[in-house]
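[1] sequence plus the predicted model coming up.
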Amino acid sequence: MALPPYASPVEKLWFWIFRGSCGLVLLFLIAPVFVIIPLSFSSGSFLTYPLPGFSLRWYEEIFSDGPWMESLKNSLIVAPLATLLAMTFGTLAAVGLNRADFPGKGLILALLISPMVVPLVIVAVGMYFFFAQVGLLNSYTGLVLAHTVLGVPFVVITVNATLQGFDFNQMRAGASLGASPVRVFFTVVLPQIVPGMVSGGLFAFATSFDEVVVALFIASPTERTLPIQMFSGIRENISPAIAAMATILILLSTLLLITMEFLRRRSERLKAAP
Amino acid sequence: MSTNAVAARPEAPPEANLKKQLKRADRLRKFKAIGLVAPLALFLIVVFVLPIGSMLWRSVDNTELESVMPRTVAGLQQWDGSDLPEEATLAAFAAELRDSRRGGGLGKVGRRLNYEDNQYRGLLMRTLRGLPASSENWTQTLIEIDPAWGETTTWREIQRASPPVTDRYVLASLDLERGADGEIQRIDAQNRIYQSVFKRTMVIAGGVTLICLALGFPLAYLLATLPPKTSNLLMILVLLPFWTSLLVRTAAWIILLQSNGLINQSLIATGIIDTPLQLVFNRIGVFFAMVHILLPFMILPLYSVMKGISPSYQRAAVSLGAHPFAAFWQVYAPQTISGVAAGTILVFIMALGYYITPALVGGPADQMVSYYVAYYTNTTNNWGMAAALGSILLALTLLLYLVYHRLVNRKQLIRS
Amino acid sequence: MKKNNLMRTRLARSVAVSGLLTAGLAASAGAQALTVISFGGASGDAMQKAYYGPFEEKTGIELTPGDYNGELSRIRAMVETGNVSWDLVEMESPEMVRGCFEGLFEPIDWQRLGLGDVLIDSAFDECGVGSFVWSTVLAYDADALEAAPASWEDFWNVEDFPGTRGLRRGAKYTLEFALMADGVPNEEVYDVLMTEEGVDRAFAKLDELKDHIQWWEAGAQPPQWLVAGDVVMTSSYNGRIAAAQEEGNNLEIVWDGSLYDLDYWAIVSGSEHVDEAYQFIEFASQPENQAVYSSEIPYGPVHPDAIDQLDEEQARRMPTHADNLEGALAINTGFWVDYGEQLEQRFNAWATH
């Protein structure tokens, strides 16, 4: 939306007000993410400006053998497993939903999406009591199952979206050529829905990696995940260590986004080339 | 294989065969589809629906007394309430009270009876402390320990707390209670909390949604109308906070908004204010942090709808002499309605269930329903209240989800 | 067809692997380390240095530290649902006594502990072994205030001492301070609080200050808020303030009108690591280890010999120093055992509006 050359002064003014306010909204979105970074280099132990001095002590703390590395390790155990389960269950279900019409389909779709809708605290309290009864409280298994539940809707939605344009006659074609259903799935269907699976999986991973409410209820200190550690870093153990961990996480997500944008541009160029 | 099956039965007319065959193939496809969906559906029913269902059950569950003092409860059931309960009932009570110290039973009973009258936990503790190993006459012994055991009202209250199902929690979460004659009435004004908590939850969620819409709409419009190269770059600025941990962003707002924080410091430096404003641990902080976290959920659906709107209608309107503002409001804006609806309801639903952010950046008067669900679960062990408040919140959310579903479906209808 | 089989075995194998993985995780969850829960923050750091680290090194017993804010309810839920994941917990005395009575803690077998009677008297309780003496004090930012507040009366005086105040979000300590501010002498505070009018009086006093209060829940918050300028004065655990002072922040403590008490170690009933817990308590009660803890954070040791190992400067910052005990009030455990839950409930309803 460029300003046309014949724009009146009022239009010009409006144009710049509009752009300016959009700029402010973008600043509002992005500034808080970066404001936390300088604090990670503080030599003091409080989360406040101005910094008393520069030091790397908080990076030393989070990278030394201690609760931060322990919780990062736990998150890196739980999140990939939950993602894997969510992708498996979610993809199968999305394929099933698109394969044929059957009674109660709308209801089942609503069920599969519902973990995204139900307030987290309710999920947390419900699982807390239920896991206590079946002995899954304070276990990795319980945490993985809980995070699988929370990640599943993302996979269902994204795979469902990629399947909208999928022609199921391809499966019949595969079958008529003698391939087993499993083989058809892996060689015909899978390659086409991989983008949906990956983006759904990414959401599922991010959900587990950033989930604190359910984890606070169902994990013991042994399974303490990174978000729980960060939560305590804002309350029970306030220190710039959380800023150091935040800086690293921000760095990672920036890298991820830039890589994705780069890949997208490359694939566009490749498509454009004859 | 189905072709073989058909070939084996040549007597049927060919068109009927085809029909049957098609039907069978169709049914097979249906079964296969159901088979693919079933694992996830079952998984969710076991790990998600069942836990939530059993939690909801707790909002009417009243089996505390029955589970710890079954004989006392049975004895009180027979009791007509006119005179003191029989000696046998009191003896059973004394024995069961002594046993209740193991495995947290005493805490359970004390907690439940305290909802009737908050003297009971102390009474039970005192009684247990003075309880002799044996007695000829338990009625007398108990009264000697504490005269409260000699009053029928004490036992009537215990009797009232005994039935296995109750509506007290659901009523209490609406600031209602049952009076002495069993009639539903409002509780004392000074103890009313939850109507205002629900109202507060709606106000915060609604306010956050409106602010998100006000901030998100222009930005989404800009992103949708800029050349792709620029808009993709700017999109990164929207997506980066989206992919940044919620706790990191909450911490960032605490740092920004605190009295010596950057916002106050720059306001003071520019001479707009001279004493720092209280911006965090109150409602303002909650709004800042929640809007920041939820804004991308408004921008993304708006953007995807606006991306699909052709600019030519608006241009046509302008070329036909419409004022650009009129062209925007009358031609462009109506086409964004489905995005606005999707974005607002999505943000509103998410905001309704917020817990962590208000807990970290709000004060006691800014906590939403979720906070009380967690509070009752973790801090007071009043699981009935937690479940009752949770049920109402859940019902509210599901209702909105239904509306959302309708809207999105209609949107798809319009498109096709 | 062959390829198809291969695919199938691959699939089967990956299913088996993920199954094994889950089973392995479940198994590893059974063999957990000794889980020790404290109030975290600066105190937790000091425990790490004085107790956790050296204990692991000496005994080879693995230890998982955790933190909480003193809620007895979390332990109640664990015991009642039979999911005990905490072994040893740092408890404030009223909660320890109440929990003991409800059967939430293992009664302490003093023979098994093998400490004799070397600790100070109040360190012995049915279910708890004293850990240290702490104090809740009035702390203020000397840079932010022109005059120095000297009492809880000054804390309530927003005319002469303008600015936001911090208080703990709960009835405990808060009601005592409100009565002190209202002119009730220390020795009468609990007598007044035991009456209904006394409680009303405390809440009425809180009403006066309500708009100026920012409520804290975790012990790490008051020093952070003082340093960040969010509050000009606050109630705080004295040890946390000392940690901030050491970093050069100009914070001051008013000892007059402070409340002191012991924290205890208690073993959660149903813990699978009772032996290890006893070993830990014994280790943490040794004078040399207590001296390390108290030199990290100025909370008073319960082993008399530990005090001798501290220098005068360190001893002066302890709640147990004679100068600091003057004008201080011991928390009445019995009162909070009996009235605690009821008052907390009322406080919560009051704070919500």
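    The structure has been received and is ready for your questions. Residues are numbered from 1 along each chain as shown, chains lettered A, B, ... in the order given.

[2] quick check: closest non-adjacent residue to B:Arg102.
    Excluding the flanking residues, the one nearest B:Arg102 by C-beta to C-beta, 6 or more residues apart in numbering or on different chains is C:Gly103, at 5.5 Å. All C-beta atoms are positioned from the backbone trio N, CA, C, and that covers glycine.

[3] what number of residues lie near C:Glu326?
    With neighbours defined by other C-beta atoms under 10 Å in any protein chain shown, the count for C:Glu326 comes to 9.

[4] do the same with B:Thr63
    Using other C-beta under 10 Å, B:Thr63 is surrounded by 17 other residues.

[5] near chain C, which residues of the stretch 201-350 of chain B? Just list them.
    B:258-261, B:276, B:278, B:280-281 (C-beta under 8 Å from any C-beta of the partner chain).

[6] would you list those residues in JSON lines and tack on pLDDT and secondary structure?
    JSON lines is the format used below for these (pLDDT from 0 to 100; DSSP: H, G, I helix; E, B strand; the rest coil):
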{"residue": "B:Gln258", "pLDDT": "90", "secondary structure": "coil"}
{"residue": "B:Ser259", "pLDDT": "87", "secondary structure": "coil"}
{"residue": "B:Asn260", "pLDDT": "84", "secondary structure": "coil"}
{"residue": "B:Gly261", "pLDDT": "87", "secondary structure": "coil"}
{"residue": "B:Pro276", "pLDDT": "86", "secondary structure": "coil"}
{"residue": "B:Gln278", "pLDDT": "88", "secondary structure": "coil"}
{"residue": "B:Val280", "pLDDT": "89", "secondary structure": "coil"}
{"residue": "B:Phe281", "pLDDT": "90", "secondary structure": "coil"}
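
[7] which stretches in chain C count as strands?
    Assigned by DSSP state E, the strands in chain C fall at C:34-38, C:63-67, C:88-92, C:128-141, C:165-168, C:213-216, C:233-237, C:251-267, C:300-301, C:329-330.

[8] looking at those strands, which is buried most?
    Most buried of those, by mean neighbour count (mean count of other C-beta atoms under 10 Å in any protein chain shown): strand C:300-301, with a mean of 28.

[9] strands paired with that strand, and their directions?
    strand C:128-141 (antiparallel) (DSSP bridges).

[10] quick one: the strands in the stretch 51-200 of chain B?
    For the stretch 51-200 of chain B, the strands defined by DSSP state E, counting those that start in this stretch occupy B:176-178, B:184-186.

[11] these two touch, right, A:Tyr49 and B:Gly261?
    Yes - between A:Tyr49 and B:Gly261 there is a contact under C-beta atoms under 8 Å: 7.2 Å.

[12] looking at the two, which is more packed in?
    Set side by side, A:Tyr49 and B:Gly261 show more neighbours around B:Gly261, with 25 against 17, by other C-beta under 10 Å.

[13] and for the most centrally placed residue in chain C, nearest residue in space, chain neighbours not counted?
    Per C-alpha atoms, centre = their mean, the C-alpha nearest to the average position across chain C is that of C:Phe39, at 4.4 Å. Leaving aside its sequence neighbours, C:Phe39 sits nearest to C:Gly219 (C-beta to C-beta, 6+ apart; 5.5 Å).

[14] one more: A:Ser232?
    Leaving aside its chain neighbours, A:Ser232 sits nearest to C:Asp67 (6.1 Å; criterion: C-beta to C-beta, 6+ apart).

[15] tell me which residues in the helix or strand A:Ala132 falls within are buried?
    For A:Ala132, the element it lies in under DSSP states H and E is helix A:120-134. Neighbour counts using 16 or more other C-beta atoms under 10 Å in any protein chain shown place A:120-132 of helix A:120-134 among the buried residues.

[16] Provide a list of residues in contact with B:Ala38.
    Applying C-beta atoms under 8 Å, 6 or more residues apart in numbering or on different chains to B:Ala38 gives the contacts A:Gly96.

[17] surely it is in a helix?
    Yes - assessed with DSSP: H, G, I helix; E, B strand; the rest coil, B:Ala38 lies in a helix.

[18] look up how far C:Val274 lies from it.
    Distance of B:Ala38 to C:Val274, computed by C-beta to C-beta, to the nearest Å: 46 Å.

[19] check C:Ala42 too.
    29 Å.

[20] quick one: the helices in chain A?
    A:9-35, A:57-63, A:67-99, A:105-113, A:120-134, A:140-163, A:169-176, A:181-184, A:190-209, A:213-218, A:226-234, A:241-272 (DSSP state H).
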